[in-house]
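1. can't give you the sequence, but here's the structure:
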């Protein structure tokens, strides 16, 4: 039986897994430093078929128990009224449809990437900066999403935990353990390396599609357990992604509400991709017997933002 770390042991991760100062006191990239021209070229060589798979959920203004804030989408102009009418003459020369869109993307339903200004612990953010450098007036004045304006091009690795367990999905509250990540590597014949985008499938999106949405805040979700954090550090991954909000609740923890984000972002400078759609990717990988691929993640360049909606693309 796995001996899970206590809360006190996880709190020690803030020191033992810390990357503060590793790339200099002014660093704002964190684990993105693991991506180099060499790792990008290695990733690009994985694209041999020209087949792409989106790992993004569709942005929708539909409501549900797991939706904390509906995206706002309305038409500034539509195509209504432009049809030719003999009585009023031809339509105007300029005929367009234009949109307004606004989204509170942090939560459980929008596919997005968190910048290192998204989480704090004891009033500090990654690399020891004070949390008040993120303000209501200016947003994130450091460690904003703009620091990765060149986008992410890296080797992606999918570890499919329901496939490993022989189940359809993980139930809410059931977390992925480090031992399962290592077992999935062996079963799938792949190894997580420095600079990788590690994607961990729990099947939560499939569960939502088949039996309906639930209130994740009240009833719980799933994700990787805190005992996976040393794995991420040892393997020097650049990005952790999942089909969840990476928000597994540890029932006996009262000082840590979300260890994966708190230790990962604040101590390690780990970039986190939340709420990806990994169902199509899992099928594509299983069909090929290949669990590595080129991956691109390109956030919007939003001044002062603590993250961005994204459409991650896996390329085979």
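-> Received, thanks. A quick note: this is a predicted structure, and the numbers were derived from the prediction, not measured.
2. Heading C-terminal from the host helix or strand of residue 208, find the next helix or strand.
-> With the criterion set as DSSP states H and E, the secondary-structure element containing residue 208 is helix 204-211. Moving toward the C-terminus from helix 204-211, the first helix or strand encountered (DSSP H and E) is helix 216-219.
3. Show the contacting residues for residue 244.
-> Contact partners of residue 244, counting by C-beta atoms under 8 Å, 6 or more residues apart in numbering, are 108, 202, 204, 221, 222, 223, 274, 275. For glycine as for every other residue, the C-beta is placed from the backbone atoms N, C-alpha and C.
4. If we only consider these, which is nearest to residue 51?
-> Compare each of these with residue 51 using C-beta to C-beta and the shortest gap goes to residue 275, at 23.2 Å.
5. what's the burial count for the nearest residue to the closest one once chain neighbours are set aside?
-> Taking C-beta to C-beta, 6 or more residues apart in numbering, and ignoring the residues beside it in sequence, residue 275 has residue 111 as its nearest neighbour in space, at 4.9 Å. Burial measure for residue 111: 23 neighbouring residues, criterion other C-beta atoms under 10 Å.
6. can you map out the helices along this protein?
-> When assigned using DSSP state H, the helices of the chain occupy the ranges 7-16, 37-44, 161-165, 178-188, 204-211, 216-219, 229-235, 259-261, 279-288.
7. now those in a markdown table, with mean pLDDT and distance to residue 298?
-> Converted to a markdown table, these look like this (pLDDT from 0 to 100; distance: least, C-beta to C-beta, whole Å):
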| stretch | mean pLDDT | distance to residue 298 |
| --- | --- | --- |
| helix 7-16 | 98 | 30 |
| helix 37-44 | 98 | 14 |
| helix 161-165 | 98 | 27 |
| helix 178-188 | 98 | 26 |
| helix 204-211 | 94 | 22 |
| helix 216-219 | 87 | 27 |
| helix 229-235 | 98 | 22 |
| helix 259-261 | 97 | 22 |
| helix 279-288 | 98 | 17 |
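8. Deepest in the core, which of those is it.
-> For these, ranked by mean neighbour count under the definition mean count of other C-beta atoms under 10 Å, the leader is helix 259-261 at a mean of 25.
9. And for it, what's in contact with it?
-> 10, 13, 114, 118-119, 223-224, 226, 228-229, 240, 246-248, 250, 253, 272.
10. at 6 Å instead, please
-> 10, 119, 224, 226, 246 (C-beta atoms under 6 Å, 6 or more residues apart in numbering).
11. Stretch 207-214 too?
-> 64, 65, 66, 169.
12. what does stretch 305-316 give?
-> With contact meaning C-beta under 6 Å, 6+ apart, stretch 305-316 is reached by 47, 49, 51-56, 105, 110, 112-115, 117-118, 140, 144-145, 156, 281, 293-297, 299-300, 302.
13. Out of those, which sit inside strands?
-> Secondary structure of the contacts of stretch 305-316 is defined by DSSP state E; positions in strands are 52-54, 112-114, 140, 156, 293-297.
14. so which of the helices of the chain gets nearest residue 75?
-> Here helix 204-211 is closest among the helices of the chain (C-beta to C-beta), at 28.1 Å.
15. could you give the angle of that closest one to helix 279-288?
-> Counting by axes from the mean of the first three to the mean of the last three C-alpha atoms, to 10 degrees, helix 204-211 points 110 degrees away from the direction of helix 279-288.
16. distance between helix 204-211 and the chain's centre?
-> For helix 204-211, the gap between its own C-alpha mean and the chain's C-alpha mean amounts to 18 Å (C-alpha atoms, centre = their mean, to the nearest Å).
17. And stretch 63-70, by the same measure?
-> Per C-alpha atoms, centre = their mean, the centroid offset for stretch 63-70 relative to its chain is 18 Å.
18. outside of that stretch, which residues touch it?
-> With contacts defined as C-beta under 6 Å, 6+ apart, stretch 63-70 is touched by 61, 104, 107, 108, 109, 213, 214, 215, 216.
19. can you put the residues you listed in a markdown table and add distance to residue 26?
-> Conversion of the contacts of stretch 63-70 to a markdown table gives the following (distance: C-beta to C-beta, whole Å):
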| residue | distance to residue 26 |
| --- | --- |
| 61 | 40 |
| 104 | 30 |
| 107 | 31 |
| 108 | 34 |
| 109 | 35 |
| 213 | 43 |
| 214 | 43 |
| 215 | 41 |
| 216 | 37 |
